[in-house]
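Undergrad: Take a look and give me a structure for this.
(one chain, ligands or ions: 1)
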Amino acid sequence: MRLILIRHGQTPSNLKHLLDTAAPGPGLTPLGQEQAAALPEVLAGEGIDALYVSTLVRTQLTAAPLATATGLEPRVREGLREVVAGELEMRGDEEAAALYLSTALAWAAGDTGRRMPGGEDGVAALGRFDAVVAEAAESGAGTVAMVSHGAMIRTWVAARADNVDAGYAAAHPLANTGVVVLDGSPGRGWRVLLWEGRPLGPEGDSAEDAGPAGEPLPGY
Ligand SMILES: O=C(O)[C@H](O)COP(=O)(O)O
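TA: Numbering: from 1, shown residues only. Sure, this is the predicted structure:
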């Protein structure tokens, strides 16, 4: 199955750098609406068979133009929602953001028992996303698009894809309407083909091996 994971368009809370993960959550900014409107063209060649969104309004608004263009009815699934911030909810400081992301990425590195303060642990978070992916795979769809959230996509991909680890996900943010394309299945496992348009090549060609010109330049 080809699995296309899309982060939702920009929200007012994104602009304020808030950890806003509760339902139903905010809508989209004018830029977010433009980002959503651009998705059908960006994904025009994909031949999408099924479209899934989370229970948070921002993913549903983001998917709406794609649903119209493809004629697909978005399937709303709780399992695709953002990593629940718990006690960090609506905080906008760097300490909270670092704790939030480092906890989620620790799950990807194998520490799934770690719990977000006042929130879920990695077993629950990865498990609920796994369940939606499994449902999509069992449906027999060849190409599936899921509109989800930044931390959830980065964490699940780093946990489940053979060629992306927590370090890669930490170094590679996912912009609003950023897309990660994977190939695989729940049984065989997953490989990332594209991370925001950047190819992650065949077996052994990890992003870390792409030479200095392909690496992030901290502080630049
Ligand atoms: O951390 C954030 O930017 C948001 O509060 C939650 O992530 P999302 O914008 O991808 O849903």
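Undergrad: Would you mind listing what in this structure touches the ligand?
TA: 7, 13-14, 18-21, 82, 149-151 (CB under 6 Å from any ligand atom). Any C-beta I mention is one placed from the backbone N, CA and C, and that applies to glycine too.
Undergrad: one more time with 5 Å
TA: Applying CB under 5 Å from any ligand atom, we find that the chain lies next to the ligand at 19-20, 82, 149-150.
Undergrad: Show the buried residues in the residues you listed.
TA: With neighbours counted by 16 or more other CB atoms under 10 Å, the residues of the chain next to the ligand contain buried members at 19-20, 82, 149-150.
Undergrad: Same list, those, but as TSV with pLDDT please.
TA: Shown next, in TSV, are these (pLDDT from 0 to 100):
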residue	pLDDT
19	97
20	98
82	98
149	98
150	97
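Undergrad: any idea how far residue 162 lies from residue 192?
TA: 9 Å (CB to CB, to the nearest Å).
Undergrad: Neighbour count: these two, which is higher?
TA: Neighbour comparison, residue 162 and residue 192: the larger count goes to residue 192, with 25 against 14 (by other CB atoms under 10 Å).
Undergrad: Distance check, the closest residue to residue 112 other than its chain neighbours against residue 111.
TA: Spatial nearest neighbour of residue 112, excluding adjacent residues (CB to CB, 6 or more residues apart in numbering): residue 122 at 3.2 Å. According to CB to CB, residue 122 stands 7 Å off from residue 111.
Undergrad: same thing with residue 90?
TA: From residue 90 to residue 111 the distance is 25 Å (CB to CB).
Undergrad: before we move on, the earlier item: wait, which of the buried ones among the residues of the chain next to the ligand is closest to residue 128?
TA: residue 82 (11.3 Å; CB to CB).
Undergrad: Confirm the closest one sits in a helix?
TA: No: per DSSP: H, G, I helix; E, B strand; the rest coil, residue 82 lies outside any helix segment and is coil.
Undergrad: ok, the residue lying closest to it once chain neighbours are set aside - contacts?
TA: Counting by CB to CB, 6+ apart, residue 82 lies nearest to residue 149, which is 3.6 Å off, once chain neighbours are set aside. Listed by CB atoms under 8 Å, 6 or more residues apart in numbering, the contact set of residue 149 reads 7-8, 21, 54, 56, 59, 80-83.
Undergrad: Next: residue 35.
TA: By CB under 8 Å, 6+ apart, the neighbours of residue 35 are 9-10, 28, 62, 176-177.
Undergrad: Could I get the full set of strands for the protein?
TA: 2-7, 50-53, 75-76, 143-148, 179-185, 189-195, 198-199 (DSSP state E).
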